[in-house]
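Engineer: Next input, structure requested:
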Amino acid sequence: MGKVILHVTMSLDGFMAGPDISVELPMGRGGPRLHDWIFNASSNNVDAGVIRELFATTGAVVLGRRTFDVGLGEWEDTPFPAPSFVLTHEVRDELAMKSGTFTFVTDGVESALRLARAAAGEKNVIVMGADVSQQVLRAGLLDEIHLQIAPVLIGDGRRLFDHLGTEHIELERTRVIESPHATHLEFRVVK
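Structural biologist: This next block holds a predicted model:
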């Protein structure tokens, strides 16, 4: 069985999106700068390799409703070519796209992860969105954190680790990869 992995890019000061996130600005003001490493991947083998590995090992995605709402127009598809499970309070029919289907899950993060794991088979489940990521981490259901640190200070916006509570979460660094556009860090969540 694959792992449950939080894979996200953030600024050095801890923001995964800039301020004023909306459908028009899915990454907020200044947020697209965080993903320069993706857009410049063709200029270096390091970032291109990280992207290839991510896509090759992703079997399903769990994301929050807000991430779905602001991302769908940008993606025009599922965020990865894989089944995607949207954690929401609103009952909604599945939404078939060209690369996968969005399934809307209303009965909690554990249920969304169970469905995603079944769909992913031996591949990994990628977790997207700050709120869902925090829920998965607090519930002790996250196996790894893969951070892409962009060499920029945004100063304001959406933080990844804002609402984790007071419980101490121990991580073990397992990999560091440097490129001109990002530092790729991987951690195992110690359980």
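
Engineer: Any buried residues in the lowest-mean-pLDDT helix or strand in the chain, and which?
Structural biologist: When the helices and strands of the chain are scored by mean pLDDT, DSSP states H and E, helix 36-39 comes last with a mean of 88. Buried positions in helix 36-39, judged by neighbour count with 16 or more other Cβ atoms under 10 Å: 36, 37, 38. C-beta: built from backbone N, CA, C; applies to glycine.

Engineer: Stretch 181-191: which residues count as buried?
Structural biologist: By 16+ other Cβ under 10 Å, the buried positions in stretch 181-191 come out as 181, 182, 184, 185, 186, 187, 188, 189.

Engineer: Could you dump those into CSV with distance to residue 102, pLDDT and secondary structure added?
Structural biologist: As requested, the buried residues of stretch 181-191 are arranged in CSV below (distance: Cβ to Cβ, whole Å; pLDDT from 0 to 100; DSSP: H, G, I helix; E, B strand; the rest coil):
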residue, distance to residue 102, pLDDT, secondary structure
181, 30, 91, coil
182, 28, 95, coil
184, 28, 97, strand
185, 29, 97, strand
186, 27, 97, strand
187, 28, 98, strand
188, 29, 97, strand
189, 27, 96, strand
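
Engineer: Show me where the protein has its helices.
Structural biologist: In the chain, the segments counted as helices under DSSP state H are 36-39, 45-57, 65-75, 109-120, 130-138.

Engineer: got those as JSON lines, with distance to residue 29 columns?
Structural biologist: Shown next, in JSON lines, are these (distance: least, Cβ to Cβ, whole Å):
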{"stretch": "helix 36-39", "distance to residue 29": "16"}
{"stretch": "helix 45-57", "distance to residue 29": "24"}
{"stretch": "helix 65-75", "distance to residue 29": "13"}
{"stretch": "helix 109-120", "distance to residue 29": "29"}
{"stretch": "helix 130-138", "distance to residue 29": "17"}
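
Engineer: deepest of the ones you listed, which one?
Structural biologist: With neighbours taken as mean count of other Cβ atoms under 10 Å, these reach their highest mean count in helix 130-138, at a mean of 21.

Engineer: What does the pLDDT read for the residue nearest to the spatial centre of the chain?
Structural biologist: Central residue of the chain (Cα atoms, centre = their mean): residue 128, 2.9 Å from the mean position. Looking at residue 128, its pLDDT stands at 96.

Engineer: Determine the number of other residues adjacent to the residue nearest to residue 136 when sequence neighbours are not counted.
Structural biologist: Leaving aside its chain neighbours, residue 136 sits nearest to residue 142 (4.9 Å; criterion: Cβ to Cβ, 6 or more residues apart in numbering). Residue 142 sits with 24 neighbouring residues when counted by other Cβ atoms under 10 Å.
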